[in-house]
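**Q** Just the structure for this:
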Amino acid sequence: MKQITQEWIDKAEGDWAGAQRIMRARKNPSYSIACFHAYETADKYLKARLAEAGVQFDRTLALKKTMKLALAVEPDWKEAQADLSKLSVYTIDYLYPGKKAGKDDAQEAIESCRRVRKIIRTAFGLPV
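**A** Numbering: from 1, shown residues only. Predicted coordinates:
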């Protein structure tokens, strides 16, 4: 595995851990931020795969675009497409006034992310 790939995976795992901590919070959990971290986890895992394949990509929050690039490299990941589409709505907009996620949204985002994370970690031969 390339060093840059491992760095993307480490960043993805940081977001995953953050989302998990937020969901366990007993006082004032920020479900919007949990959703955003789930989004970021999936995005960074896709970018890890692209980095490993040597595919150029933008460092932007454009999960749908990143998903298309990754599916060109890993067509078997089509099973993750529905979960990635669900996560794609939790962009940076959820960090600002105007949009707010509830507990149900966050639970759905975490579960979608969990499935995507499992597919990608399995493809890399990493423990789930």
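
**Q** Contacts for stretch 22-37, please.
**A** 15-16, 18-19, 87, 90-92, 94-95, 99-103, 105-107, 109-110 (CB atoms under 8 Å, 6 or more residues apart in numbering). Any C-beta I mention is one placed from the backbone N, CA and C, and that applies to glycine too.

**Q** Let's see that with 10 Å instead.
**A** 14-21, 38, 61, 86-87, 89-96, 99-110, 112-113 (CB atoms under 10 Å, 6 or more residues apart in numbering).

**Q** For the residue nearest to the spatial centre of the chain, which residues are in contact?
**A** The C-alpha lying nearest the average C-alpha coordinate of the chain belongs to Ala42 (CA atoms, centre = their mean; 1.6 Å). Applying CB under 10 Å, 6+ apart, we find Ala42 in contact with 12, 15-16, 63, 66-67, 70, 80, 83-84, 86-88, 90, 109, 112-113, 115-117, 120.

**Q** at 8 Å what do you get?
**A** Ala42 is in contact with 12, 63, 83-84, 87, 112-113, 116-117, counting by CB under 8 Å, 6+ apart.

**Q** Quick one, which of these has the minimum pLDDT?
**A** Within those, pLDDT reaches its minimum at Leu63, with 89.

**Q** For the residue nearest to it when sequence neighbours are not counted, the count of nearby residues, please.
**A** Nearest non-adjacent residue to Leu63, counting by CB to CB, 6 or more residues apart in numbering: Ser88, 4.4 Å away. Ser88 has 19 neighbouring residues, counting by other CB atoms under 10 Å.

**Q** Fine by me, we can end here.
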